[in-house]
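Trainee: with the input below, show me the fold.
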Amino acid sequence: MKKTLLLLIIIITTVFTAFSQNVGSSPEYIRAITSQWKGERFADGRPKVSDELLERLEKLPIEAVWAVLRNRGYLNQFEGNWTILHPDQAMTGRVVTAQYMPLRPDFDDWVKEQGKRENRTNPPTNSWPIDILTNGDVYVADSYGKVDDGPILGDILATSIYTKSKKGIIVNGTIRDPDGLLRIEGFNSWSKGMDASFLQQMMLTSINAPIRIGRATVLPGDVVLAKSHGVLFIPAHLVEEVVSTAEVTEIRDAFGITRIKEGKYTSGQIDSQWPPEIIKDFLEFVKQQHGKLPITDEALDRFMKERNW
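Mentor: A predicted model of the protein is given here:
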């Protein structure tokens with residue numbers, strides 16, 4: 001009886017500790033909200049999508065990737081209308097999230113005290129999400145679109161971001177010091193604008209919790225694809241499927257354009273359900289141009305059936 005009671009106390013204490021409110025989400029909480037990911041994880045609980053998949057993803061157009069997410073029922077993963085530091089450069093990476101809100105002194109005091117208990121550095125708190133970045137991470141922050149007194153970073157914090165992650169930032173808000181940012185080779189940013197002011201009357205409220213970026217819901221460990229015309233946030237457990245399927249879409253489109261130029265098929269034939277003879281021609285095209293498809297025969301059959309013609 002005593003052993004059973006002791007075990008129950010340990011379980012309750014463990015669960016309470018894992019899911020109690022912290023500034024930074026616990027590994028247990030992150031594993032719970034990303035439970036469909038079955039692969040390797042970071043120590044903080046975030047899914048660890050491979051560098052190889054990130055490299056393949058960066059080469060793909062957003063439209064092809066978005067179409068796969070849409071077919072899987074993920075309709076709220078895209079946000080557009082950005083100010084981009086280097087519009088000609090794409091960025092992929094694993095998401096670290098941060099939430100900012102209008103300043104409320106009593107809650108801000110709690111955040112700072114809780115930060116001490118979590119062994120975080122002294123304020124300013126807007127450095128805390130940056131402190132935990134690792135190579136390949138993308139810092140994604142919601143600062144609720146604030147402009148005046150809204151920038152959450154300038155060149156000093158941006159230098160820290162790039163030093164730790166070799167990536168950049170995506171922020172639903174503003175940043176400052178564009179001249180200094182441009183001097184950080186390799187750093188890139190997607191923001192809602194630039195402003196000469198600095199962060200005031202704002203507070204950090206959470207790290208690695210779910211956040212909203214415009215039209216998109218973002219979880220820690222998501223994979224981001226950021227390009228000149230928008231940003232996609234991809235659930236970690238779908239990245240491999242999304243990349244492979246989008247690669248097939250790109251090959252399929254190249255096949256269609258080639259055959260239309262040759263006069264072999266009309267655009268109507270290419271953009272409708274393919275009969276067996278066109279599928280056979282497509283597979284021959286793949287063999288000649290690409291060697292093999294990046295997906296299995298079963299996945300190809302599903303791709304052909306699920307595509308929105």
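Trainee: what ranges does the stretch 151-300 of the chain have for its strands?
Mentor: Taking DSSP state E, counting those that start in this stretch to define them, one finds strands in the stretch 151-300 of the chain at 169-172, 189-191, 202-207, 211-213, 216-218, 223-227, 230-234.
Trainee: where does pLDDT dip in this protein?
Mentor: 1-20, 290, 292-293, 295, 299-300, 302, 305-309 (pLDDT under 70).
Trainee: could I get the strands of the stretch 151-300 of the chain as a markdown table with mean neighbour count and distance to Ile161?
Mentor: Bear in mind the C-beta positions are built from the backbone N, C-alpha and C, glycine included. Shown next, in a markdown table, are the strands of the stretch 151-300 of the chain (neighbours: other CB atoms under 10 Å; distance: least, CB to CB, whole Å):
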| stretch | mean neighbour count | distance to Ile161 |
| --- | --- | --- |
| strand 169-172 | 26 | 6 |
| strand 189-191 | 26 | 9 |
| strand 202-207 | 22 | 14 |
| strand 211-213 | 20 | 17 |
| strand 216-218 | 20 | 17 |
| strand 223-227 | 25 | 14 |
| strand 230-234 | 24 | 16 |
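Trainee: and the ones you listed as TSV, adding distance to Thr249?
Mentor: Shown next, in TSV, are the strands of the stretch 151-300 of the chain (distance: least, CB to CB, whole Å):
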stretch	distance to Thr249
strand 169-172	25
strand 189-191	24
strand 202-207	35
strand 211-213	25
strand 216-218	21
strand 223-227	14
strand 230-234	14
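Trainee: looking at the ones you listed, which is closest to Ile156?
Mentor: strand 169-172 (13.2 Å; CB to CB).
Trainee: which residues touch that closest one?
Mentor: Identification of contacts with strand 169-172 by CB atoms under 8 Å, 6 or more residues apart in numbering yields 79, 138-145, 152-153, 158, 161, 175, 189-192, 212-214, 224, 226, 231.
Trainee: which strand is the longest one in the protein?
Mentor: As assigned by DSSP state E, the longest strand anywhere in the chain is strand 91-102.
Trainee: tell me how far the helix or strand just after that strand lies from the chain's centre.
Mentor: Per DSSP states H and E, the first helix or strand lying C-terminal to strand 91-102 is helix 105-117. Centroid separation between helix 105-117 and its chain, computed with CA atoms, centre = their mean, to the nearest Å, is 28 Å.
Trainee: what is the burial count for Tyr162?
Mentor: 19 (other CB atoms under 10 Å).
Trainee: please name the nearest non-neighbouring residue to it.
Mentor: Distance criterion CB to CB, 6 or more residues apart in numbering; nearest residue to Tyr162, sequence neighbours excluded, is Phe187 at 4.3 Å.
Trainee: can you pull the contacts of that neighbour?
Mentor: Residues near Phe187 by CB under 8 Å, 6+ apart: 85, 158-159, 161-162, 168, 181.
Trainee: what about 7 Å?
Mentor: With contact set as CB atoms under 7 Å, 6 or more residues apart in numbering, Phe187 has these partners: 158, 161-162, 168, 181.
Trainee: nothing else from me, thank you.
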